[in-house]
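> Quick one: sequence plus predicted model below, questions after.
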Amino acid sequence: MVPFGWTLGLIIGLVVVVVVVALVTPILVLAYKIGTQAQELDAELDRARVHTAGLAGLNETIDHATTIIGGLQRGRARLGG
């Protein structure tokens, strides 16, 4: 026959294991969901980077447009308009 102390210790140990598993499982599920969303977010950020890459040349375009407008204004002034 197994002594009462061993039985009690085994029961307490099993209860502790069940409680730990019950607490850790939702954390692991949440971590998995966060990981999945992070991958989706990373993919969308890559798409946004590709779609907005042309904006890098916007300042150069504005500079050229300003130069052209300045030339047009000078030409108009010379023509008396």
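Perfect, thanks for sending it.
> Enumerate every residue touching Gln37.
Gln37 makes no contacts at all, as judged by CB atoms under 8 Å, 6 or more residues apart in numbering. Yep, even glycine has a C-beta here, placed from its N, CA and C like the rest.
> from the middle of its chain, how far away would the helix or strand hosting it be?
Here Gln37 sits within helix 4-51, counting by DSSP states H and E. In terms of CA atoms, centre = their mean, to the nearest Å, the centre of helix 4-51 is set 20 Å apart from its chain centre.
> tell me the mean pLDDT over it?
Averaging pLDDT along helix 4-51 yields 95.
> could you give the mean pLDDT of the helix or strand where Ile68 lies?
Here Ile68, judged by DSSP H and E, is contained in helix 58-78. Per-residue pLDDT values across helix 58-78 average out to 94.
> Adjust the sequence numbering to begin at 479 for everything that follows.
Shifting the count to begin at 479 puts that one at helix 536-556.
> Can you spell out which helices and strands pack onto that helix?
Judged by 3 or more CB pairs under 8 Å, 6 or more residues apart in numbering; DSSP states H and E, helix 536-556 has no packing partners among the helices and strands.
> CA atoms only for it - export them in CSV, please.
Provided in CSV are the C-alpha atoms of helix 536-556 (Å, rounded to 0.1, in the frame of the first residue of the first chain):
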residue,chain,number,x,y,z
LEU,A,536,8.6,64.3,-54.7
ASN,A,537,11.0,67.1,-53.5
GLU,A,538,12.9,66.9,-56.7
THR,A,539,9.7,67.2,-58.7
ILE,A,540,8.6,70.2,-56.6
ASP,A,541,12.0,71.8,-57.2
HIS,A,542,11.8,71.3,-61.0
ALA,A,543,8.2,72.6,-61.0
THR,A,544,9.2,75.7,-59.0
THR,A,545,12.0,76.4,-61.5
ILE,A,546,9.6,76.0,-64.5
ILE,A,547,7.0,78.3,-62.9
GLY,A,548,9.7,80.9,-62.2
GLY,A,549,10.8,80.8,-65.8
LEU,A,550,7.2,81.1,-67.0
GLN,A,551,6.6,84.1,-64.7
ARG,A,552,9.8,85.8,-66.0
GLY,A,553,8.8,85.1,-69.6
ARG,A,554,5.3,86.5,-69.0
ALA,A,555,6.8,89.6,-67.4
ARG,A,556,9.1,90.2,-70.4
